[in-house]
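Trainee: sharing a model prediction with you, sequence too.
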Amino acid sequence: MVQQGGQVRTSGLAIASMVLGIFGIVFGWISFGLSGFIGLPFGIAALVQIHKSRGTVVGEGMAIAGIITSSLPAVGFIVIFVLPWLFGFQLPEIHIGSFNEADVPMLQEFLESVN
């Protein structure tokens, strides 16, 4: 596995991927999924690096954890921001204080479309 005299080290890419993924989960509202989009390729690159190293680079578990934790903020960004933008989702305009009977059919239509 490891050649004599060879040192085993942990992949820096795997560590970075996991840290960025955890940061994205905890502070996703600050990074808008950016840390996930950066951490995901880091995790993939770390797995490639680990498999090519023939045992001199370790951290496969951290790389996998980084891929998983980085995927969550990236997918969250897509679901919360990109998909609604692509499909043109807009809430009906309702102004508090100016509600009248003419707005009732619009509200009923909106509630039926949600269900």
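Mentor: Happy to help now that I have it.

Trainee: buried residues, the lowest-mean-pLDDT helix or strand in the chain. List them.
Mentor: Lowest mean confidence among the helices and strands of the chain (mean pLDDT, DSSP states H and E): helix 28-31, at a mean of 74. By 16 or more other Cβ atoms under 10 Å, the buried positions in helix 28-31 come out as 28, 31. C-betas here are computed from N, CA, C, even on glycine.

Trainee: what's the distance between the residue nearest to Gln7 when sequence neighbours are not counted and Ser11?
Mentor: Of all residues not flanking Gln7 in the chain, Thr56 sits nearest, at 7.2 Å (Cβ to Cβ, 6 or more residues apart in numbering). Counting by Cβ to Cβ, to the nearest Å, the separation of Thr56 from Ser11 is 10 Å.

Trainee: phi and psi next, for the nearest residue to Arg9 once chain neighbours are set aside.
Mentor: Leaving aside its chain neighbours, Arg9 sits nearest to Val57 (5.9 Å; criterion: Cβ to Cβ, 6+ apart). Backbone geometry at Val57, expressed as degrees, to the nearest 10, gives phi -120, psi 130.

Trainee: neighbours of Val57, how many?
Mentor: By other Cβ atoms under 10 Å, the residues close to Val57 number 20.

Trainee: am I right that Leu72 falls within a helix?
Mentor: Yes. According to DSSP: H, G, I helix; E, B strand; the rest coil, Leu72 belongs to a helix.

Trainee: on that earlier part again, so how far is the least confident helix or strand of the chain off the chain centroid?
Mentor: For helix 28-31, the separation from the chain centroid amounts to 10 Å (computed by Cα atoms, centre = their mean, to the nearest Å).
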